[in-house]
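Engineer: Whatever this is, show me its structure:
(2 chains)
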Amino acid sequence: EAQVTQNPRYLITVTGKKLTVTCSQNMNHEYMSWYRQDPGLGLRQIYYSMNVEVTDKGDVPEGYKVSRKEKRNFPLILESPSPNQTSLYFCASSSREARNTQYFGPGTRLTVL
Amino acid sequence: GENVEQHPSTLSVQEGDSAVIKCTYSDSASNYFPWYKQELGKRPQLIIDIRSNVGEKKDQRIAVTLNKTAKHFSLHITETQPEDSAVYFCAASKVGGSSNTGKLIFGQGTTLQVKP
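Structural biologist: Predicted structure coming up:
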């Protein structure tokens, strides 16, 4: 089954404790993105990747890091989480041919205390 | 950069009525406009999209219209059903060219409630 998976689905942590949210897709997609969803703000892009070892900032990259060492995986790293990073995070992927048609993962709800 | 405004933020309709959600965009170079539906606790899923060379597109009970001159597009749902209750997001994007990153700029979302 073609899908995008994320782990963990729920996470409660404390300020400053490094964490990683994993994202994996099995569709051989070149393009992958991370979004955060906040009430009244819609979905905002954090980082994106156009292929292995090619990443760039989206609209709200502060406080986040990403890596793309393999085509299928695109982890989101919060080196020192802060309460304003409490949010719902979605990973998405798309193919080179239809890069604007994005398929979303199930989401990760993160709470930073 | 592109900015997408979406209205209303909440919409409540009776089952069987129609619902209309409107979005405006700022960048005249945007040429691809998808709509996503997000049910409670679920991921956003693409339900319909339209490209700038088309003025209207329909898929069963849902349709999208685009006015390039005014830079706005709308989602129309007819004969609404309780299962249409969800958050709907519009988005704008630029398709084509080697610099296309696939980036979507989303509206703020509309919570649609269909009352039985």
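
Engineer: where does chain A come near chain B, residue by residue?
Structural biologist: A:31, A:33, A:35, A:40-45, A:48, A:50, A:56, A:58-59, A:90, A:94, A:99-102, A:104-107 (Cβ under 8 Å from any Cβ of the partner chain). All C-beta atoms are positioned from the backbone trio N, CA, C, and that covers glycine.

Engineer: In three-state terms, label the residue of chain B found nearest chain A for me.
Structural biologist: Using Cβ to the nearest Cβ, B:Gly102 is the residue of chain B that sits closest to chain A, at 3.3 Å. Put simply, B:Gly102 is coil when judged by DSSP: H, G, I helix; E, B strand; the rest coil.

Engineer: Tell me who's in contact with it.
Structural biologist: Residues counted as contacts of B:Gly102 (Cβ atoms under 8 Å, 6 or more residues apart in numbering or on different chains) are A:Tyr31, A:Ser33, A:Tyr48, A:Met50, A:Ser94, A:Arg99, A:Asn100, A:Gln102, B:Ser93.

Engineer: Leaving aside the residues adjacent along the chain, what's closest to it?
Structural biologist: A:Arg99 (3.3 Å; Cβ to Cβ, 6 or more residues apart in numbering or on different chains).

Engineer: Count the residues that sit near that neighbour.
Structural biologist: A:Arg99 has 21 neighbouring residues, counting by other Cβ atoms under 10 Å in any protein chain shown.

Engineer: what's the closest residue to chain B within chain A sitting at in phi/psi?
Structural biologist: Using Cβ to the nearest Cβ, the closest approach of chain A to chain B is made by A:Arg99 at 3.3 Å. With angles defined as degrees, to the nearest 10, A:Arg99 sits at phi -70, psi -20.

Engineer: Tell me if I'm right that it and A:Glu30 touch.
Structural biologist: Yes: with contact defined as Cβ atoms under 8 Å, A:Arg99 reaches A:Glu30; the gap is 7.5 Å.

Engineer: tell me which element the most centrally placed residue in chain A falls in.
Structural biologist: Nearest to the mean C-alpha position of chain A, counting by Cα atoms, centre = their mean, stands A:Trp34 at 3.0 Å. Using DSSP states H and E, A:Trp34 maps to strand A:31-38.

Engineer: mind saving the C-alpha coords of that strand as CSV?
Structural biologist: Provided in CSV are the C-alpha atoms of strand A:31-38 (Å, rounded to 0.1, in the frame of the first residue of the first chain):
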residue,chain,number,x,y,z
TYR,A,31,9.9,15.6,-3.1
MET,A,32,9.2,15.7,0.6
SER,A,33,8.1,18.4,3.0
TRP,A,34,7.4,19.1,6.6
TYR,A,35,4.4,21.3,7.6
ARG,A,36,3.1,22.5,10.9
GLN,A,37,-0.6,23.1,11.5
ASP,A,38,-1.8,25.6,14.0
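
Engineer: measure B:Phe33 to B:Pro116 for me?
Structural biologist: 31 Å (Cβ to Cβ, to the nearest Å).

Engineer: More neighbours: the two, which one.
Structural biologist: B:Phe33 (27 against 8).

Engineer: Bridging across strands, which residues link to that one?
Structural biologist: B:Ile50 (DSSP bridges).

Engineer: so where do the helices sit in chain B?
Structural biologist: For chain B, applying DSSP state H gives no helices.

Engineer: isn't B:Val54 right up against B:Thr65?
Structural biologist: No: using Cβ under 8 Å, B:Val54 is not in contact with B:Thr65, being 9.6 Å away.

Engineer: Show me the shaky parts of chain B.
Structural biologist: B:97-99 (pLDDT under 70).
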